[in-house]
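Chemist: Curious how this folds, go ahead:
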Amino acid sequence: MKKLGILAIVLSLLVMPAAALADEIADQIKQALKLYEDGKISAALEELNFASAQLRQKKAESLAAVFPKAPEGFTAGKPTSESSGAAMLGAVTATQVYRKAGGGSAEIQVMTDSPLLQSMAMMMSNPMFLQSGRNGKLIRLAGHKAILKSRSDQRAELQAVVGSKVLVQIKVRGVAGAAELAKQLFQALDIAKLKELTM
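Modeler: You can find the predicted model right below:
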């Protein structure tokens, strides 16, 4: 029984950081409500903005779960995440970089809650924009529309909108067959998880 008690304490310490953060956000929201009820509108708004920023950061960090393993011959760096402020209208992004031994790299960026989504959707629905081929060509990957730009065999960029709420951008530099690698990386994304986290 004593060992079970010690084990319970250790387990509670291991999960404490996540629980503490969740409680911190809940406390901020409760504090905002109390300030609002007290008629302190500006202070309430400040608390809500802080809680909102924390929630966006948690969302950005969770997006790292959708990235695929490094392709053969590549190593994956640590995913980074960011939640932007008013300048980007609250955009949430996560980025994963893969580096190839001997040079070359591939980068996947997942962005949600971004004003760029509307312009991308408009481009994909406007055949005149893509007619010259200078802006890339429209393709379909795993049921999603994407624009693929390929200037050379070793340089490509792919942009796709997932579920009207997520913009996926993939850049491949200094790697032979760059366009094919960009497509493979998109298809390797955990799209189901991405939709779960952003819809």
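Chemist: domain assignment for the chain?
Modeler: Using automatic domain parsing, the domains assigned to the chain come out as 2-61, 67-198.
Chemist: As CSV, the ones you listed with mean neighbour count and mean pLDDT would be great.
Modeler: C-beta: built from backbone N, CA, C; applies to glycine. Listed next are the domains of the chain as CSV, based on neighbours: other C-beta atoms under 10 Å; pLDDT from 0 to 100:
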stretch, mean neighbour count, mean pLDDT
domain 2-61, 13, 68
domain 67-198, 16, 86
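Chemist: which stretches of the protein form strands?
Modeler: 74-76, 80-83, 92-100, 105-112, 137-141, 144-152, 155-162, 166-173 (DSSP state E).
Chemist: Which one of the ones you listed lies nearest to residue 195?
Modeler: Evaluated over the strands of the chain, closeness to residue 195 peaks at strand 155-162, with 7.0 Å, by C-beta to C-beta.
Chemist: strands paired with the closest one, and their directions?
Modeler: If you go by DSSP bridges, strand 155-162 pairs up with strand 144-152 (antiparallel), strand 166-173 (antiparallel).
Chemist: what comes into contact with that strand?
Modeler: Contacts with strand 155-162, where a contact means C-beta atoms under 8 Å, 6 or more residues apart in numbering, come from 117, 120-121, 124, 136, 141, 144-150, 167-174, 178-179, 181-183, 186, 191, 194-195.
Chemist: Ok, stretch 38-51 next?
Modeler: 25, 28-29, 31-33, 35-36.
Chemist: same thing but at 7 Å, please
Modeler: With contact meaning C-beta atoms under 7 Å, 6 or more residues apart in numbering, stretch 38-51 is reached by 25, 28-29, 31-32, 35-36.
Chemist: Alright, I will stop here.
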